[in-house]
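Student: one predicted model, sequence on top.
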Amino acid sequence: MGRLLTPVFCRIQPHHAPKLRRLLGRLDVAKGPEDMNLPGWRLHNLAGDPAGFQSVTVNGNWRSIFTFQDGDAVLVD
């Protein structure tokens, strides 16, 4: 998580970093999508091409998407 603000991740807005840290920390201990259903995060299932993925709101139109496999978050974007 310390790499969030390094040049590799320069596309994130600095004011999104605190929520992204909380989100990634929660994903690290979550066993399924229901563990990501926190107030204000707007957890929902995606349809279409990313079917099988879930999404939570970071800020405005910014989302983080992920899916779970064997109790672990995988393919996090």
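Tutor: Thanks, I have it.
Student: who touches the longest strand anywhere in the chain?
Tutor: Assignment by DSSP state E gives strand 62-69 as the longest strand of the chain. Strand 62-69 is contacted from outside by 13, 16, 20, 23, 27, 30-33, 36, 46, 50, 52-58, 73-77, using CB atoms under 8 Å, 6 or more residues apart in numbering. Every residue, glycine included, has its C-beta placed from N, CA and C.
Student: partner strands of it, with direction?
Tutor: Sheet pairing of strand 62-69 (DSSP bridges) gives strand 54-59 (antiparallel), strand 72-74 (antiparallel).
Student: roughly how far is that strand from the heart of the chain?
Tutor: Relative to its parent chain, strand 62-69 has a centroid offset of 5 Å by CA atoms, centre = their mean, to the nearest Å.
Student: is the residue nearest to Ala51 when sequence neighbours are not counted bridged to anything, and to what?
Tutor: Leaving aside its sequence neighbours, Ala51 sits nearest to Asn45 (CB to CB, 6 or more residues apart in numbering; 8.0 Å). Asn45 has the following beta-bridge partners by DSSP bridges: Gln54.
Student: ok, Asn45 to Gly25 distance?
Tutor: As judged by CB to CB, to the nearest Å, Asn45 and Gly25 stand 22 Å apart.
Student: over to Gln69?
Tutor: Per CB to CB, Gln69 is found 19 Å from Gly25.
Student: likewise for Asn37?
Tutor: 16 Å.
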